[in-house]
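Q: pasting the structure only:
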């Protein structure tokens, strides 16, 4: 779960808001590449710097984090959108 205590979030809010502002300015046809770059950069350098040489366990953990991000995004945002579309357009 991506939920951390409110007081722990504060240390990230300023930089994340700045990143969000920068990404918002990127043209739509380039935005997803920029987002991918940011996430890949963070994961690549965080694990290499903290643990030395990266291991299979590190790769496995990173993939797990990315999968959980995907699932949480779907659960909180996409499924709500899909429910609205079912309501307005009917079931398949």
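A: Everything's here; your move. Just so you know, these numbers come straight off a predicted model, no measurement behind them.
Q: Okay, and the residue nearest the centre of the chain sits in which element?
A: Centroid check for the chain by C-alpha atoms, centre = their mean gives residue 69 as the closest residue, at 5.5 Å. Counting by DSSP states H and E, the element that carries residue 69 is helix 56-73.
Q: State the next helix or strand along the chain beyond that helix.
A: Moving toward the C-terminus from helix 56-73, the next helix or strand (DSSP H and E) is helix 79-89.
Q: Buried ones in that next one, by neighbour count?
A: Within helix 79-89, no residue counts as buried by 16 or more other C-beta atoms under 10 Å. In this view, the C-beta of every residue, glycine as well, is placed from N, C-alpha and C.
Q: Equivalent analysis for stretch 60-67, please.
A: Going by 16+ other C-beta under 10 Å, stretch 60-67 has these buried residues: residue 62.
Q: just how off-centre is that stretch within its chain?
A: Relative to the centre of its chain, stretch 60-67 is centred 11 Å away, using C-alpha atoms, centre = their mean, to the nearest Å.
Q: I'd like the mean pLDDT over that stretch, please.
A: The average of the pLDDT scores along stretch 60-67 is 92.
Q: Please list the residues outside it that contact it.
A: 39, 43, 47 (C-beta atoms under 8 Å, 6 or more residues apart in numbering).
Q: and what of stretch 26-39?
A: Residues external to stretch 26-39 that are found in contact with it (C-beta under 8 Å, 6+ apart): 19, 23, 66.
Q: chain center to it: distance?
A: Using C-alpha atoms, centre = their mean, the distance from the centre of stretch 26-39 to the centre of the chain it belongs to is 12 Å.
Q: How about stretch 42-54?
A: In terms of C-alpha atoms, centre = their mean, the centre of stretch 42-54 is set 18 Å apart from its chain centre.
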